[in-house]
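1. how would this look folded up:
(2 chains)
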Amino acid sequence: MRSSWADLAANSAAENAASGSFANNGGAGTASAPTRAAYVPPHLRNRPTSSDPPAPVNSVPSGNDGAGYGGSRWGGPKYDYNRSGYGGGGRGGGWGSRSGGWDRGREREVNPFGDNDDTEQAPNEQDNTGINFDAYEDIPVETSGDNVPPPVNTFAEIDLGEALNQNIRRCKYVKPTPVQRHAIPISLAGRDLMACAQTGSGKTAAFCFPIISGIMKGEGAQRPPRGARTVYPFALILSPTRELSIQIHEEARKFSYQTGVRVVVAYGGAPINQQLRDLERGVDILVATPGRLVDLLERARVSLQMIRYLALDEADRMLDMGFEPQIRKIVEQMDMPPQGVRQTMLFSATFPKEIQRLASDFLSHYVFLAVGRVGSSTDLIVQRVEFVLESDKRSHLMDLLHAQRANGAQGKQALTLVFVETKKGADSLENWLYMNGFPATTIHGDRTQQEREQALRSFKSGNTPILVATDVAARGLDIPHVAHVVNFDIPNDIDDYVHRIGRTGRAGKTGLATAFFNENNVSLAKALADLMQESNQEVPAWLSRYAARSSYGGRNRRSGGGRFGGRDFRRDSSFNRGGSDYYGGGGGSSTGGYGASGGYSGGYGPGVTSAWD
DNA sequence: AAAAAAT
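-> Sure thing, here's the model as predicted:
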């Protein structure tokens, strides 16, 4: 399914000749003309010629450059989610047919679908019609917050705009996944959001659609200040690894094809010059890793003044010890509009309570949404734990690989992703596998960016069906056809385990996860046993014994009930009591506790436990 | 203790 996208995009780049109708918008004549001449906000781009009704530009104090937002968010009261027409009702007027590419486009927008614009092409066998929606039935959903917008059941119910709808069809998304059903209306209503949902369940689309749609509508779009070579994106999407940023960029490009919305990616390890050129051609949505973004900000090549949407993917990772200072710098110490002015969306499959607490610094009056894990907590992923001494790990792995090779599906060996703890360990295991005749490659932070991307490509294509990885590959990467995840070294954090095994069993498909457990892992025994139990997995008796023996969950949080990475910490009394807390203070502007007022839908009310506790 | 992320 998705794997083909990237390849198709690459292949089509060359042969992408005369399909679009958008060759000559702005002054197409002089190829070398400066590209910055006239700024045209996204919602005014691609106007065919005339009679397109004007996009609804809401009342926003314009004029004064700089932080030109009024008091509240651009475009009207935040809680007036009727204006977005999410709930059936108002197909908010008139931005009908958009065609064509970019106003600045002397270049042609590469068709990321590689399908010659033929929306009605025959369904591609390995495209994504294979989503097993039955696997998403009866998934527990928890929302909390004031006035939570109700979910939708179809894309048609939402006024995303024709161009975006067409891309949804091109992606062969038939109906929204659970996280999309809930998150999109919340986001379209302008609300901040903290969402727990397994990657592979359509998280990226859940935050991309509202962003793209919002930028197209162009509410409050204003002319950015004319800084030398500074660009002013409307949306910023941050992710913890370069490869994940690349992947998000690829997806976002598909969703925004021919919408006039431009998506650019920036990450380290790659030459910055190409990225600077991409930025100069215009950027509405910037996808980035933190380090490179800080670099761009310090060079004043990017300004965050115009940011209306901030999305953190793998948000708990972004806010943990390693990343938090950088994120704070970007979000709080540069020129980004404050929370309450911008719209902030945090997504992850796991959300430890301490991190939720941290995250509330970035949010305003947010909705908490938890959608039960699609793969890792259900029967979709069969989890096995085997007791394997360090000295036996390699030969044991070889046994597994032999067995799997024998079972090879469709003539090809199924993909196996092997996680190890260290970069050295990755190299050494890869080398050993290679010496023993197994086609393996490796991805970790000591490899060059080229090598990393090459390894991932080679793995995805099946060329090298074994990938040895550190945690760089643990989160978010969508690699179809991973049949088996091996935790050669068990991670020290149960959340990492959850993310790792989530590389299989995606989009409702089944998968297998095997972990090599030994005396070095006792600290994780309890958390692991608990997780497996919750996921209806068979817990070996010996593991239960380790679990009982281990001193209460090791240093791992996630204690107390309510797993599934999903429960609003605002409901946890232990976080609410005790003084100057988040919750108690009365009128903390960024709080707005979930149960404060009546008339909220979809929640349970204060003190009431949710369905899955 | 390790991994990731800017040069």
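
2. all contacts plus neighbour counts: C-alpha atoms, from now on.
-> Fine.

3. Give me the pLDDT value at residue A:405.
-> Note for residue A:405: predicted pLDDT of 73.

4. So which bits of the stretch 51-200 of chain A are right by DNA strand B?
-> Applying Cα under 7 Å from any atom of the strand, one finds that the stretch 51-200 of chain A does not approach DNA strand B at all.

5. give me the low-pLDDT residue ranges for the stretch 51-200 of chain A?
-> Scanning the stretch 51-200 of chain A for pLDDT under 70 picks out A:51-107, A:115-138, A:199.

6. If we ignore the residues flanking it in sequence, what's nearest residue A:481?
-> residue A:415 (6.1 Å; Cα to Cα, 6 or more residues apart in numbering).

7. Let me see the contact set for the one you found.
-> A:459, A:460, A:462, A:465, A:466, A:481, A:482, A:483, A:484 (Cα atoms under 8 Å, 6 or more residues apart in numbering).

8. ok, the last one - how many residues close by?
-> Read that as residue A:484. Residue crowding around residue A:484 was assessed by other Cα atoms under 10 Å; the count is 27.

9. That one bridge partners, please.
-> residue A:416, residue A:512 (DSSP bridges).

10. Where helices are concerned, which of the contacts of residue A:415 count?
-> Counted as lying in helices by DSSP state H, out of the contacts of residue A:415, are A:459, A:460.

11. rewinding a little: how close does the residue nearest to residue A:481 get to residue A:504?
-> Residue A:415 sits 10 Å away from residue A:504, taking Cα to Cα, to the nearest Å as the criterion.

12. and residue A:272, how many neighbours does it have?
-> Using other Cα under 10 Å, residue A:272 has 15 other residues around it.

13. Can you tell me how far residue A:172 is from DNA strand B?
-> Note on residue A:172: its distance to DNA strand B, by Cα to the nearest atom of the strand, to the nearest Å, is 30 Å.

14. swap in residue A:160?
-> 32 Å.

15. Wait, a strand at that residue?
-> No: going by DSSP: H, G, I helix; E, B strand; the rest coil, the assignment for residue A:160 is coil, not a strand.

16. In this structure it contacts residue A:213, no?
-> Yes: assessed by Cα atoms under 8 Å, residue A:160 is found in contact with residue A:213 at 5.5 Å.

17. Of those two, which one has the most company?
-> A direct count of neighbours by other Cα under 10 Å for residue A:160 and residue A:213 places residue A:160 higher, at 26 against 23.

18. what does the stretch 351-500 of chain A put close to DNA strand B?
-> Contact residues, the stretch 351-500 of chain A versus DNA strand B (Cα under 7 Å from any atom of the strand): A:421, A:422, A:423, A:424, A:443, A:444, A:445, A:446, A:470, A:471, A:472, A:492.

19. Hmm, the second one is touching residue A:470, no?
-> Yes: the pair residue A:422 / residue A:470 is scored as a contact, 6.2 Å apart, by Cα under 8 Å.

20. Tell me which of the two has more neighbours.
-> More crowded of residue A:422 and residue A:470, by other Cα under 10 Å: residue A:470, with 23 against 15.

21. what helix or strand is residue A:296 on?
-> Following DSSP states H and E, one finds residue A:296 within helix A:290-298.

22. Report the strands that pair with the helix or strand that that helix is followed by, each with its relative direction.
-> Using DSSP H and E, the helix or strand that follows helix A:290-298 in sequence is strand A:309-313. Looking at strand A:309-313 with DSSP bridges, its partner strands are strand A:235-238 (parallel), strand A:343-348 (parallel).

23. helices or strands up against the next helix or strand after strand A:309-313?
-> Counting by DSSP H and E, the next helix or strand C-terminal to strand A:309-313 is helix A:315-318. The contact analysis (3 or more Cα pairs under 8 Å, 6 or more residues apart in numbering; DSSP states H and E) places helix A:315-318 against strand A:343-348.

24. contacting residues around the strand it packs on?
-> Contacts made with strand A:343-348 from outside it, assessed by Cα under 8 Å, 6+ apart, are listed as A:73, A:187, A:190-199, A:203, A:207, A:308-316, A:362-364.

25. that older thread, intersection of neighbour lists for residue A:415 and residue A:504?
-> With Cα under 8 Å, 6+ apart, residue A:415 and residue A:504 have common neighbours A:481, A:482, A:483, A:484.

26. Could you report the separation of residue A:394 from DNA strand B?
-> As judged by Cα to the nearest atom of the strand, residue A:394 and DNA strand B stand 18 Å apart.

27. same question, residue A:440
-> 17 Å.

28. Check what pLDDT that residue gets.
-> pLDDT, residue A:440: 95.

29. so it sits right up against residue A:430, yeah?
-> Yes: with contact defined as Cα under 8 Å, residue A:440 counts as touching residue A:430 (5.9 Å).

30. give me the number of residues near residue A:297?
-> Neighbourhood size, residue A:297 [other Cα under 10 Å]: 18.

31. Pretty sure it sits against residue A:303.
-> Yes: assessed by Cα under 8 Å, residue A:297 is found in contact with residue A:303 at 6.3 Å.

32. before we move on, back to that, next, show the common contact partners of residue A:440 and residue A:430.
-> residue A:468.
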